[in-house]
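K.L.:
Generate a structure from the sequence data that follows.
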Amino acid sequence: MTPERQKGRVYYRCHTSDCATTTAREDKLESDILEKLQSLQINPEQADVLRAAWSNGTCAEQRSERQSSLKLQLAKNTARLERLLDLFVDGAIDETTYNAKKQTLEISIAALKEELESMHDIAQIERHRLQFLELMKNLAGLYQLAGRAEKREFVENAFSNRKVILKHVDLVPYDWLSPGKMNLPVFNGAQSRDTSRTFEATDGGDATPEIRKKRLIALLRTARPERNAQN
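P.N.:
Numbering: from 1, shown residues only. Below is the predicted model:
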């Protein structure tokens with residue numbers, strides 16, 4: 001749907017000839033988006049419960065277990081690569097088979113090394129958790145203070161499905177934002193820059209849940225000054 005201004009109002013219009021929804025008023029869309037975001041926000045009491053759960057959690061243990069698992073996989077794949085070379089030298093496999101298997105193992109080894117090198121330390125995890133709480137307490141307010149481009153980015157990273165059916169606006173949040181499905185975020189995977197998608201190339205919709213979280217968290221720091229003055 002593309003925006004058009006008519007008689008002082010902005011309407012979003014669908015130009016598909018057989019679409020039942022011809023137009024949707026911008027103020028109606030804004031109202032429905034805000035209502036949905038408000039329903040997803042957590043209150044201070046819920047934030048305290050999450051914070052308490054994190055303080056009693058096993059973040060360090062989880063990170064250590066993941067690190068050990070990655071090191072074990074790396075050692076196994078490195079050993080397999082060495083055995084593969086022995087098989088090739090001994091003439092047990094041909095060159096084509098050797099090269100194909102070697103490439104697969106080398107890609108896996110490189111990926112494991114990258115994940116090991118980019119694992120967050122405990123301080124980073126704690127900082128990201130606090131940023132996540134701040135985001136979840138201020139979803140609607142942050143959206144209201146965002147610019148037009150930031151609002152578009154906000155909606156794209158908060159809702160996996162966005163439809164307007166006649167006069168009904170259907171917004172389906174990603175699982176990590178859904179009530180009852182919001183798992184405690186550990187943020188112990190590979191790092192990515194905390195930059196806004198507004199200033200990045202689009203990803204074709206393939207972003208991981210953690211990247212989408214980080215894109216919304218990044219908007220906390222690019223919000224307008226009056227928002228920071230409120231906190």
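
K.L.:
What residues sit buried inside stretch 3-13?
P.N.:
By neighbour count on 16 or more other C-beta atoms under 10 Å, the buried set for stretch 3-13 is 11-12. Glycine gets a C-beta too; all of them are placed from N, C-alpha and C.

K.L.:
Would you mind measuring the gap between the ends of it?
P.N.:
Length of stretch 3-13, first residue to last, C-alpha to C-alpha, to the nearest Å: 6 Å.

K.L.:
Walk me through the domains of the protein.
P.N.:
Using automatic domain parsing, the domain ranges for the chain come out as 26-40+122-230, 59-117.

K.L.:
Check the ones you listed for me and report the most buried one.
P.N.:
domain 26-40+122-230 (a mean of 15; mean count of other C-beta atoms under 10 Å).

K.L.:
picking that back up, do you know which of the domains of the chain lies nearest Leu50?
P.N.:
Among the domains of the chain, domain 26-40+122-230 comes nearest to Leu50, with 6.4 Å by C-beta to C-beta.

K.L.:
right, and the helix or strand after the helix or strand hosting Ala100?
P.N.:
Following DSSP states H and E, one finds Ala100 within helix 95-117. The helix or strand immediately downstream of helix 95-117 is helix 122-137, counting by DSSP H and E.

K.L.:
now the angle from the helix ranked longest in the chain to helix 95-117?
P.N.:
Determined from DSSP state H, the single longest helix within the chain is helix 59-89. Calculated by axes from the mean of the first three to the mean of the last three C-alpha atoms, to 10 degrees, helix 59-89 forms an angle of 160 degrees with helix 95-117.

K.L.:
tell me how far helix 59-89 is from the chain's mean position?
P.N.:
Taking C-alpha atoms, centre = their mean, to the nearest Å, one finds the center of helix 59-89 at 28 Å from the center of the full chain.

K.L.:
Distance-wise, check the residue lying closest to Val169 once chain neighbours are set aside relative to Ile165.
P.N.:
Sequence neighbours aside, Asp32 is the residue nearest to Val169 in space, at 3.9 Å (criterion: C-beta to C-beta, 6 or more residues apart in numbering). Taking C-beta to C-beta, to the nearest Å as the criterion, Asp32 is separated from Ile165 by 12 Å.

K.L.:
so what's Ser68 up against?
P.N.:
Listed by C-beta atoms under 8 Å, 6 or more residues apart in numbering, the contact set of Ser68 is empty.
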